[in-house]
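**Student:** Kindly generate the corresponding structure for this input.
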Amino acid sequence: MSDPRDAGFYRAWMSSRTVSRRGLFRGLLSTGKQAIKQAQPPSAKLPVRTVARPPQAVTEPAFLQQCDGCGHCVQACPVGIISVQERVALLAIDYAECDFCGACTQACESGALDERVPMDISLRPVISAQCLGRLDDMCRMCEIACPRTAIFFNQQNQPVVDDKKCNGCGKCKLVCYHGDIALSLKHHDS
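**Tutor:** Okay, here's the model as predicted:
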């Protein structure tokens, strides 16, 4: 049983196949790239913040380690928007806005809330397409109520949120009597 493919067959087969320099290098270097990927240790995925935390909360991995669910921040909050669920503190801006008084940070003994962290809750307003301010210039409640002037309406009557000015207090959501503003997490830290 001899193989009908002899040297002539392979010579003819290779003459019709050309390999470019790019293809040659890609083939040679792809094995090296795979070896590098296999040699790297699998990086553990850091937890990403999925719920709002009290102001001045440290990054999410550190917060989950340090917050022991003691409830001191809950008791210190004068507006009652902090609660403890699953042994960690979270923030719910449904009935009152955060006034950034800092009482929760001062009450925190575990280090999960730190005075060196900027006063930002990481919540940002998302304004729905049904916003009455988009239709006419009669409703500007969110723009008027924003203590940091982070919300404004442009010349086309479209609401604009300045992320640099917004600290996520939630006042815009509460003053919108149509319910056209929701608060969403901005992922700036892991």
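**Student:** Show me what residue 182 is bridged to.
**Tutor:** With DSSP bridges applied, residue 182 shows beta-bridge pairing to residue 126.
**Student:** That one and residue 86, how far apart?
**Tutor:** 23 Å (CB to CB, to the nearest Å). For the C-beta atoms, the positions are set from N, CA and C on the backbone; glycine is no exception.
**Student:** for residue 116, same thing?
**Tutor:** The spacing between residue 116 and residue 86, counted by CB to CB, is 26 Å.
**Student:** go on, residue 64?
**Tutor:** Residue 64 is 10 Å from residue 86, by CB to CB.
**Student:** Can you pick out the residue with more neighbours from these two?
**Tutor:** Neighbour comparison, residue 64 and residue 86: the larger count goes to residue 64, with 15 against 7 (by other CB atoms under 10 Å).
**Student:** Doesn't the more buried one belong to a helix?
**Tutor:** Yes - Residue 64 forms part of a helix when assessed by DSSP: H, G, I helix; E, B strand; the rest coil.
**Student:** so who does it touch?
**Tutor:** By CB atoms under 8 Å, 6 or more residues apart in numbering, the contact set of residue 64 is 47, 88.
**Student:** ok, now residue 78?
**Tutor:** If you count contacts by CB under 8 Å, 6+ apart, then residue 78 has 99, 101, 103 around it.
**Student:** For PyMOL, what selects the buried ones among the residues you listed?
**Tutor:** Buried members of the contacts of residue 78, defined by 16 or more other CB atoms under 10 Å, are picked up in PyMOL with:
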select buried, resi 103
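**Student:** from the contacts of residue 78, which is closest to residue 146?
**Tutor:** residue 99 (13.6 Å; CB to CB).
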